[in-house]
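Novice: Sequence and predicted structure below; questions after.
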Amino acid sequence: MASNLESYSAARQLTTTVTTSVSTADNESKFLGDIAYTNTSLSRVEVTIWLLDGTIAATEGSGGNWLERRGIAPGKTWNVNPGKVLSPSMKWAAKADTGAVVNEFISGVTEV
């Protein structure tokens, strides 16, 4: 059976609620090629990211299931180079401690 490869990209502003950025259906995988978070505010903003099975809810704090958390200085970009694959039924999610000031850009390849 042959695989189909398609490029994808997504751009949005993060909110203070954990929101799925990229997800996979039960018949596809996605390679996360490039992910960037740019802080457009005048203050440091903390961004938290998750890589989870699609049925698992994101949790925060000590003992949480987040992947990484980083404070981004004003006007700076956090370039995440995950080199990870979302297997079928997985998701990449993110949130910022301050809403509507961090821009997210994700690109990669989908295999169906």
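Specialist: Happy to help now that I have it. Numbers count the residues shown, from 1 in each chain.

Novice: which strands and helices sit next to the helix or strand of the chain with the lowest mean pLDDT?
Specialist: Each helix and strand of the chain was given a mean pLDDT (mean pLDDT, DSSP states H and E); the minimum falls on strand 84-86 at a mean of 92. The criterion is 3 or more C-beta pairs under 8 Å, 6 or more residues apart in numbering; DSSP states H and E, and the helices and strands that strand 84-86 contacts are strand 29-39. For the C-beta atoms, the positions are set from N, CA and C on the backbone; glycine is no exception.

Novice: for the protein, which spans come out with low pLDDT?
Specialist: Confidence mapping of the chain against pLDDT under 70 gives the ranges 1-2.

Novice: can you do 90?
Specialist: 1-3, 61, 81-84, 112 (pLDDT under 90).

Novice: Mind checking what helix or strand follows the least confident helix or strand of the chain in sequence?
Specialist: Going down the chain from strand 84-86, the next helix or strand is strand 90-96, by DSSP states H and E.

Novice: May I see the buried residues of the least confident helix or strand of the chain?
Specialist: Of the residues in strand 84-86, those buried by neighbour count under the rule 16 or more other C-beta atoms under 10 Å are 84, 86.

Novice: what separates the closest residue to residue 11 other than its chain neighbours from residue 22, distance-wise?
Specialist: Across the structure, with C-beta to C-beta, 6 or more residues apart in numbering as the measure, the residue nearest residue 11 apart from its sequence neighbours is residue 105 (4.9 Å). From residue 105 across to residue 22, the span is 11 Å (C-beta to C-beta, to the nearest Å).

Novice: Please apply the same query to residue 112.
Specialist: As for residue 112, its distance to residue 22 is 15 Å (criterion: C-beta to C-beta).
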